[in-house]
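Undergrad: sequence and predicted structure are below.
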Amino acid sequence: MAFFGLFKSKEEKETLEKGLETSKQSVLSKISHAIIGKSEVDDEVLDNLEEALISSDVGVETTLRIVERVQNRVKRDKYVSTSELNTILLQEVSALLQENNVEKQPDFSDPLPSKPYVIMVVGVNGVGKTTTIGKLAYQYKQAGKKVMLGAADTFRAAAVEQLCIWGERVGVPVVKQQQGSDPASVAFDTLQSAVANNADVVLIDTAGRLHNKVNLMNELTKIKNVMQKVVPGAPHEVLLVLDGSTGQNAYIQAEQFSKATQVSSLAITKLDGTAKGGVVIGISDRFKIPVRYIGLGEKMTDLQVFNRETFVHGLLGKVANY
């Protein structure tokens, strides 16, 4: 499958390549170092590969699985030259992610399974949560969907203000209350307004605190219970936003939020300009929660639907005839 054929547009391909350039150079540099002076993939090369992947924030558990798959290929093929390592690595990483997440990734233009389709967005402060909501609103609106935002992060006045700015920029309504209001009340009002106005998509922003998991769990549970009084089954998706540039800290946040609420999808932001792009592979593999979106820049169009093949190609380089 041709690399370009995996994209809808040349611009989308260029955005991914540019966004992952730093991570790609870092990973390939480490892999190149792992095979210096070697003509075939032996135990020493595999050990060096393991070190390269771990230091690229792929994560220990996922790295061991990847190296084991490469090792099995070497045994099966009897002889593998180091020049083939990149190709094998790309294929095995792609296969690993496909096994962990076989469902089709939705596109913004796809028919929605529910109306209104309610997405509750969670994540700590500073990861790009509100910005991601704004970009999602833009993408859904561009796809012809009627979108509404709910400012349920009432803990910080700046969060409500930022969401309102995004609402104005995108051209979608924002339901809000005063700072300190009950977040569940905001969610309730938002869904009532969404139903009344025949909205297709509702994005609910929530507080980004994680100092007390019990309080967080109680708050998110309350929000979900209140929303279900208006729209049965809501929220239909709980989207956790993680900052990819924080590397291992993103793993910790994913684990904590997964315990606090039923996270059903992930958005990994700020991948442009960081050397920690390997974190996407590790998180996707370790938590078995689908990565829905990746953030690759500041523009509203720089939030892309995550595609395993395009991402791995972008991180590890083009491989002919793959």
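TA: Thanks, I have the structure now.

Undergrad: would you confirm that Val263 contacts Pro235?
TA: No: contact criterion Cβ atoms under 8 Å: Val263 and Pro235 do not qualify, at 11.0 Å. C-betas here are computed from N, CA, C, even on glycine.

Undergrad: which of those two has more neighbours?
TA: For Val263 versus Pro235, neighbours defined as other Cβ atoms under 10 Å are more numerous around Pro235 (26 against 19).

Undergrad: pLDDT at that one, what is it?
TA: Per-residue pLDDT puts Pro235 at 97.

Undergrad: name the nearest residue to Asp302, ignoring sequence neighbours.
TA: When the adjacent residues along the chain are set aside, Asp302 lies closest to Leu296, with 4.9 Å between them (Cβ to Cβ, 6 or more residues apart in numbering).

Undergrad: show the contacting residues for the one you found.
TA: For Leu296, the set of contacting residues under the criterion of Cβ atoms under 8 Å, 6 or more residues apart in numbering consists of Thr15, Leu16, Lys18, Gly19, Leu20, Leu271, Asp272, Asp302, Leu303, Gln304.

Undergrad: where does Val195 fall, secondary structure wise?
TA: Here Val195, judged by DSSP states H and E, is contained in helix 183-196.

Undergrad: rewinding a little: and the residue nearest to Asp302, how close does it get to Leu216?
TA: Counting by Cβ to Cβ, to the nearest Å, the separation of Leu296 from Leu216 is 29 Å.

Undergrad: returning to what we had before: buried residues of the helix holding Val195, list them for me.
TA: When burial is assessed from 16 or more other Cβ atoms under 10 Å, helix 183-196 yields the following buried residues: Pro183, Ala184, Val186, Ala187, Phe188, Asp189, Thr190, Leu191, Ser193, Ala194.

Undergrad: and that helix, what does it pack onto?
TA: Contacts defined by 3 or more Cβ pairs under 8 Å, 6 or more residues apart in numbering; DSSP states H and E place helix 183-196 against strand 117-122, strand 147-151, strand 174-175, strand 201-205, helix 213-230.

Undergrad: these into CSV, with extra columns for distance to Asp110?
TA: Listed next are these as CSV, based on distance: least, Cβ to Cβ, whole Å:
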stretch, distance to Asp110
strand 117-122, 10
strand 147-151, 15
strand 174-175, 25
strand 201-205, 12
helix 213-230, 22
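
Undergrad: the residue minimising distance to the centre of the chain: what's it in contact with?
TA: Most central residue of the chain, judged by C-alpha distance to the mean C-alpha position with Cα atoms, centre = their mean, is Ala267 at 2.6 Å. Applying Cβ under 8 Å, 6+ apart, one finds that Ala267 lies in contact with Thr132, Leu239, Leu240, Val241, Leu242, Val291, Arg292, Tyr293, Ile294, Gly295, Leu303.

Undergrad: now the buried members of these.
TA: For the contacts of Ala267, a burial check counting by 16+ other Cβ under 10 Å picks out Thr132, Leu239, Leu240, Val241, Leu242, Val291, Arg292, Tyr293, Ile294, Gly295, Leu303.

Undergrad: quick check: phi and psi at Pro116.
TA: As for Pro116, its main-chain torsions (degrees, to the nearest 10) stand at phi -70, psi 150.

Undergrad: point out where the stretch 1-150 of the chain drops to low pLDDT.
TA: Applying pLDDT under 70 to the stretch 1-150 of the chain picks out residues 1-9, 79, 100-105.

Undergrad: what are the ranges of the helices in it?
TA: With DSSP state H, counting those that start in this stretch as the criterion, the stretch 1-150 of the chain has helices at 10-19, 21-34, 43-54, 60-77, 85-100, 129-142.

Undergrad: give me the neighbour count for Glu99.
TA: By other Cβ under 10 Å, the burial measure for Glu99, its neighbour count, is 10.

Undergrad: err, Leu220, not the other one
TA: Applying other Cβ under 10 Å, we find 23 other residues in the vicinity of Leu220.

Undergrad: how much space separates it from Ser265?
TA: With the distance defined as Cβ to Cβ, Leu220 ends up 15 Å from Ser265.

Undergrad: again, but for Pro106
TA: Applying Cβ to Cβ, one obtains 9 Å for the distance of Pro106 from Ser265.

Undergrad: these two - which one has more neighbours?
TA: Looking at Pro106 and Ser265 with other Cβ under 10 Å, you find the greater number of neighbours at Ser265, namely 18 against 15.

Undergrad: phi, psi for the more buried one please.
TA: As for Ser265, its main-chain torsions (degrees, to the nearest 10) stand at phi -160, psi 160.

Undergrad: what number of residues lie near Asp285?
TA: 21.
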